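**Q** Sequence first, then the predicted structure:
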Amino acid sequence: MQIKQALELHQQAQQLFDQPQVDEAIKTLADQLKPDLEEQFPLLLCVMNGGLYLTGQLMRLWNFPMTVDYVHATRYRLATLGRDVLWKAYPQNSLKDRHVIIVDDIFDQGFTLEEVKSYCLKQGAKKCTSVFLIRKTHNRKKADIEADFCALECDDFYVYGSGMDFHSHFRNLPGVFAVPHEKSGR
């Protein structure tokens with residue numbers, strides 16, 4: 001998608017959450033998780049690229065020791081419809097006996113989380129906790145897994161901003177926006 005077309009579609013998008021709402025939801029999430037993590041020396045595992053925004057925000061709100069690493073596991077491959085999970089990068093740190101905090105942008109159907117969590121446990125993680133910015137509510141087929149923590153919830157829209165992209169654009173926007181279904185490419 002060319003930037004001109006993306007800008008035109010952004011003009012038609014609905015803002016679901018503005019920056020203060022996103023910031024407050026992330027702060028509430030960080031405060032909720034902090035008591036269980038500050039004595040654990042957790043390993044924050046960012047699921048690239050979508051989890052980058054939330055991982056960065058959580059890191060600035062937590063002042064306890066942690067290891068930060070990433071995986072690049074994706075279903076979307078620059079598209080709007082997901083397929084099987086494709087692994088592009090694995091963690092560099094050992095996960096053995098660590099409490100791993102899997103951080104991603106959106107819990108939709110759970111297939112990426114299922115794959116990443118399974119990998120972490122096979123590598124010897126003693127516990128995995130999943131943290132998402134957004135949980136979509138819908139009745140479409142889901143993996144046999146649920147998110148542990150989500151900062152915000154939304155209906156079944158194609159959403160972008162605050163780390164989530166729309167055809168590789170707009171991850172940097174501070175709010176969360178929804179594209180009308182007929183324009184999303186779904």
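**A** Alright, I've got the coordinates.

**Q** Can you name every helix or strand that the lowest-mean-pLDDT helix or strand in the chain contacts?
**A** Within the chain, confidence by mean pLDDT, DSSP states H and E is lowest for strand 86-89 among all helices and strands, at a mean of 87. Strand 86-89 makes packing contacts with strand 67-74 when contacts are defined by 3 or more Cβ pairs under 8 Å, 6 or more residues apart in numbering; DSSP states H and E. From N, CA and C alone the C-beta is placed, and that goes for glycine too.

**Q** and for the strand it packs on, what are the contacting residues?
**A** Strand 67-74 is contacted by residues 41-49, 51, 55, 59, 85-93, 98, 112, 115-116, 119 when judged by Cβ atoms under 8 Å, 6 or more residues apart in numbering.

**Q** Just the ones of the residues you listed in strands?
**A** Among the contacts of strand 67-74, DSSP state E puts 43-47, 86-89 in strands.

**Q** Out of those, grab the one that's most surrounded.
**A** Tallying neighbours with other Cβ atoms under 10 Å puts residue 45 at the head of the ones in strands among the contacts of strand 67-74, with 29 neighbours.

**Q** I'm done for today, thanks for sticking with me.
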